[in-house]
Every structure is written in C-alpha cells, then in structure tokens.
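Asks: Okay, here's the prediction I keep looking at, along with the sequence it came from:
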Amino acid sequence: MISTSTLSGRRGLWAFILGVIAVTAGVLMHIPMFLMGRHNHFILAGMPIGADMVLGMVAIVGGVGIAAYGLLPRDIPGLLSASQDIVVTPPEDAPLSRAHWMLMGVLVIALVIDIMKPATLGFVLPGMMSEYQVDEATVSQFPFSALVGTVVGSIIWGIIADIYGRKASILLSAVMFVGTSICGAMPSLAWNVGMCFLMGVAAGGMLPVTYALLAEMMPSKHRGWSLVLVGGLGAVGGYFAASGFSAILQPHFGWRIMWLLNLPTGLSLVLLGALIPESAKFLLARGRRDEARRVMERFGSKARQIRPAETAALVKGPTVALTGAAFFGKLVALSLAATCYGLINFGLLLWLPADLVAKGYSVEVSSRLLAESALIAFPMIFVVAFAYSAWSSKWSLVASIAVTAAGLLAVLQLELTGSGSPVLPVALLIVGTNALIAMLLPYAAESFPLRIRGRTTGIVAACTKGGGTFAQLLAILALVPPLAVVSLAILVPTIVALLLVAWFGKETRGRDLRDLDPDARTFSATGM
C-alpha cells in the first residue's frame, strides 16, 4: 500500500488508487485492437481507431489527472513558506543500514524499468519500417520524438521533485508511463510518434529524481559509489532487459509487444513506490512530523530549525546559490559535457558502423566491434564507482571526459588518414562515454543545493538527451556531415567542458553536503 505520507490524506490515497485503476482500464481497452492482428503477426497499419480506444484514451488522461490530484498537495505557497525554516540534515556519518540497501535495490530496479523503454527504440524501428513501409529518415522521427520527450520530462520532473517531493514525482511519472502502453495498439504512424514523445516525458525524470533522492539519503562516505553504482547498474540492466525481452517476445508478438510491456512494468514502478521513502523535509513542511521522524530514524537523519535571527540570512540563501560565476560555470560545464555525451552516444556511435562498412569492413565485423566494446563497459562501472568514491569525484569525471576526447581524436585521425584499426577509437569512445554518464548525474546531484537539486540535475539530464535530439534531427533531414567533421565538431566543446569542470568543479568525495550548500551555512542544529 502506498503510504499516505505522499498523498493528501485518505482522500488523496483513494484518488491516487482510482487514477491508477482508470489509467490501467484505459490501456486494457486498447488490447482488443492489438489482438485483432494476431493472424497477421500483429500488423495494424491502416486499421481504424474504434470508439473503445477513444474512450480508453479519455480514461487515461482523466486517470493521470485524478492520480495527480491525489499526489500533489493543495496549499503549495503555504507549504513552501512553511518549509523555509526547516532543513533536514543528510545522514553524513551514519553507517549503511538495511534501509539504505533496500533503497538502493529498489531504485536499481526502478531505473532498469525506466531505461528499458527508451532502449527498446533500436529494437522496434526495423519492425516499424516494415509495417508502415517508410524509409530510415522517416522512422528516425520515433527516436527524435522520444528524445525530445526525455528532455522535456527531465526538466518538468526535476521541478516537480523540488516542489512536491521526490516520491510524488516518481509515482506520477510511473502512472503516466503506464498510459503510454497504448502505443503498442496504435495503427497510425502519427499516433505512434506522439506516444513516443509522451513515453519520453514519463521516462525522462526518473534519473535526476533518483540521484537527488539518493544524494540526500546516503551517508557521505558511501554516497559517491552508491550513486554511480545504482545509475550504472540501472543503465546496463535496462539495455540488457530491452534486448532480452526483444529476443524472447518479438518473434511471437511483433514489435508492438515492446510498447505494451509498459503496462506491467509501469504498474511495477507504482508498487515499488511503496518502498521508496518521501523526503523528510517535505513531510515536515506538511506538518506530518511523526511520519518525518520515522523516515529520519530509518536513515539516521536529523531535522534542523533556523534561529529567528537567521531568517533574513536564509532568505538570501537561494539567491546566493542561484547566482554567481561559480554556480553558472559549474552548471554550464556539466551541461556542456552532457550535450557532448548525447552527440556521441545518439549520433557518432550510431553513424560509425555504416562508416566502417563504407571503408571496407564487413557488417559483421563492425557490429561485433561495437558489441565487444560495449561489454568492456560493464566491468568499468565497478572501476568507475571505486575511483569516484576512493580517489576523487571531480578528477574521475575530468578523466572520463579526457578519455572521451582521446576517442574523438582517434576517430578524427582514422577518418583523415583512412587507415588503421578502428578498435582503439571505438573502445576509447565507449569506455569514456559510459564512464562519463555513470558519474555525470551523481556529481550534479552532489554539486548543487538541496532547494534546486532536482531541477539542476534535471537540466544536466536533459542535456544528455538534447545532444542526441540534435543528432537525430540531422539524420531526419539527411544532413549528417562526414564523420571527420562530426568528430571535430564534438571534440572542441568536449575539451571546453573538460577545462570548465577542472576549473569550476568542486571535490565532493566524502564531504558533508552542507559544506557544498550555501543555504546550509546559516543554520544551527537542533534536536527534533
């Protein structure tokens, strides 16, 4: 059962349950359309949308609204005002407890489910091209639409997490995620593109919200490696899950089954929400002190109250945190690194196999090269997590950007000379980018104040998809330049990002988040 601590009392709990039921019923009303194609390998192109599907879409939209009503508090201005004199200290020196391990495990599963859906795009595009009889440029609208959705979702859910709470944003995005299941029953190409966008919006916020929640819950000495490990295992697990379900289900049910999986996996996210704690500060601001005390006891947190004489200083706190060259320099540095990652991961690495084939390598060799290089990235997650927590968070991130830049230089040399082995360039790019994305969002979550942690981490997460969105737009318009130009165009901002992170970044390894938060230095600790 979802705790009422996240909901607006008992009425809110029933509203949320009713919303989930309405969304689920709306999805189930699309299943008959899917089953109509069982004698034609589930090809639905050209079939009319029935009245039951229209009614189902209305139920989904209404259900999301009802669930939001149950999750989101009523008096937002009053709650924000009430929270101004409350600060919850993260458990900086507490040992890892059963609650910490359970939270990490639940969030890994949540991220696997969340990342699995965008990862299925590569597996469903061939089936879409065949069913709708469209070319590669047309079908590129699907990943483009999904990536645009993730950019929007990362920003929206980051803001929601800062205002309404981490848990509320996770639950609401999961409900919306369930609703996007109907993409698997949509006979129209245009409707599928639209649903891809909504799927991206629903999925885009899980990573930044997860990192923000973990950064606030984990002790300092365990925070770094746990953030990196949870994100890395979630990403790898998501891609493995996508490929596994595709291999098992697509031969029997066609590409559409990959979208219909949103129903059971999304409902699983809703149920997992019962095991995710809400922010204690959020509970305190709503007057639920007993529930907040229980959360803090589980994770070793303490509440702090501002002295009346320090209220004026607190009002200035967010202004200090939101302005200044150091803040903007750090945000620009991380956003630029994230954009470069998106350009490489959703652009250069997707175009590289065709380029290698054009140079005389077989399709089998180029595909195997990428697959084997990707396998190297899996054990690298543990190496990166160790380096981030045991050596340096800042310089580990700088090193990953440097390896990525070295890979771009190697690709540039390969393109300009037309000779040499592609093994080293590909391996450097894949290892560098995987290490970069494993550390980038955890570092962002640790580097910004509590009040804006959700939205700043969301901005950086949006930039990881923003670069990919631009790359896919070039593919749609058939304007992809030669890879020598592409690698050089990405190399320059990558080097700039490296220098900016080295200059503006702060070391976060093992440090109390209060030392990194300008707002926290005006508070005095009190018992609760």
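Replies: It's in. Residues are numbered from 1 along each chain as shown.

Asks: after the least confident helix or strand in the chain by mean pLDDT, next one along is what?
Replies: Ranking every helix and strand in the chain by mean pLDDT, DSSP states H and E puts helix 311-322 at the bottom, with a mean of 42. Downstream of helix 311-322, the first helix or strand assigned by DSSP states H and E is helix 325-343.

Asks: residues of that following helix that come out buried?
Replies: 327, 330-343 (16 or more other Cβ atoms under 10 Å). The way it works is simple: take the backbone N, C-alpha and C, and place the C-beta from them, glycine included.

Asks: Can you spell out which helices and strands pack onto the helix or strand harbouring Gly153?
Replies: Assigned by DSSP H and E, Gly153 falls within helix 141-164. If you count contacts as 3 or more Cβ pairs under 8 Å, 6 or more residues apart in numbering; DSSP states H and E, helix 141-164 packs onto helix 76-82, helix 121-132, helix 166-179, helix 189-204, helix 206-217, helix 453-476.

Asks: Please render these as TSV that adds mean neighbour count, distance to Ile155 and mean pLDDT to the earlier fields.
Replies: Shown next, in TSV, are the helices and strands packed on helix 141-164 (neighbours: other Cβ atoms under 10 Å; distance: least, Cβ to Cβ, whole Å; pLDDT from 0 to 100):
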stretch	mean neighbour count	distance to Ile155	mean pLDDT
helix 76-82	12	18	49
helix 121-132	18	21	78
helix 166-179	26	12	84
helix 189-204	22	8	81
helix 206-217	27	9	71
helix 453-476	24	5	82
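
Asks: Throw the ones you listed into TSV and include distance to Gln250, thanks.
Replies: TSV is the format used below for those (distance: least, Cβ to Cβ, whole Å):
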stretch	distance to Gln250
helix 76-82	45
helix 121-132	7
helix 166-179	21
helix 189-204	16
helix 206-217	24
helix 453-476	23
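
Asks: looking at these, which is closest to Arg256?
Replies: helix 121-132 (7.8 Å; Cβ to Cβ).

Asks: what's the angle between that closest one and helix 189-204?
Replies: Counting by axes from the mean of the first three to the mean of the last three Cα atoms, to 10 degrees, helix 121-132 lies at 170 degrees to helix 189-204.

Asks: Let me see the contact set for the residue lying closest to Leu121 once chain neighbours are set aside.
Replies: Nearest residue to Leu121, sequence neighbours excluded (Cβ to Cβ, 6 or more residues apart in numbering): Pro143, at 4.9 Å. Shown in contact with Pro143 (Cβ atoms under 8 Å, 6 or more residues apart in numbering): 121, 125, 196, 346, 468, 472.

Asks: wait, doesn't the third one sit right on Gly184?
Replies: No - because the distance of 11.5 Å does not satisfy Cβ atoms under 8 Å, Cys196 is recorded as not touching Gly184.

Asks: for the helices and strands packed on helix 141-164, which one sits closest to Leu44?
Replies: Of all those, helix 121-132 comes closest under Cβ to Cβ, at 7.8 Å.

Asks: buried residues in the helix or strand that comes right after the closest one?
Replies: Per DSSP H and E, the first helix or strand lying C-terminal to helix 121-132 is helix 136-139. By 16+ other Cβ under 10 Å, the buried positions in helix 136-139 come out as Val139.

Asks: same for helix 136-139, what does it pack against?
Replies: Secondary-structure packing of helix 136-139 (3+ Cβ pairs under 8 Å, 6+ apart): helix 121-132, helix 453-476.

Asks: With distance to Ser389 added, can I get the ones you listed in a markdown table?
Replies: Formatted as a markdown table, the helices and strands packed on helix 136-139 follow (distance: least, Cβ to Cβ, whole Å):
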| stretch | distance to Ser389 |
| --- | --- |
| helix 121-132 | 32 |
| helix 453-476 | 19 |
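
Asks: For Ala390, find the nearest of these.
Replies: Closest to Ala390 of the helices and strands packed on helix 136-139, according to Cβ to Cβ: helix 453-476, at 23.2 Å.

Asks: From the chain's centroid, how far away is the following helix or strand past that closest one?
Replies: Under the assignment DSSP H and E, the closest C-terminal helix or strand after helix 453-476 is helix 483-504. Distance of helix 483-504 from its chain centroid, counting by Cα atoms, centre = their mean, to the nearest Å, is 23 Å.

Asks: So what angle separates the directions of the helix holding Gly153 and helix 166-179?
Replies: Interaxial angle of helix 141-164 relative to helix 166-179 (the same axes, to 10 degrees): 150 degrees.

Asks: quick one: the residue nearest to Phe504 when sequence neighbours are not counted from Gly505, how far?
Replies: Among residues not flanking Phe504 along the chain, Gly329 sits closest, at 3.7 Å (Cβ to Cβ, 6+ apart). Note on Gly329: its distance to Gly505, by Cβ to Cβ, to the nearest Å, is 9 Å.

Asks: next one: Met199
Replies: Using Cβ to Cβ, Met199 is found at 33 Å from Gly505.

Asks: same thing with Ser421?
Replies: Remark: distance between Ser421 and Gly505 (Cβ to Cβ) = 34 Å.

Asks: Neighbours of Phe253, how many?
Replies: When neighbours are counted by other Cβ atoms under 10 Å, Phe253 registers 17.

Asks: That one against Phe42, yeah?
Replies: Yes - Phe253 is within contact range of Phe42, at 5.9 Å (criterion: Cβ under 8 Å).

Asks: closest to Lys221 out of the helices and strands packed on helix 136-139?
Replies: Of these, nearest to Lys221 by Cβ to Cβ is helix 453-476, at 19.7 Å.

Asks: quick one, that closest one and helix 166-179 angle?
Replies: Computed by the same axes, to 10 degrees, the angle between helix 453-476 and helix 166-179 is 30 degrees.
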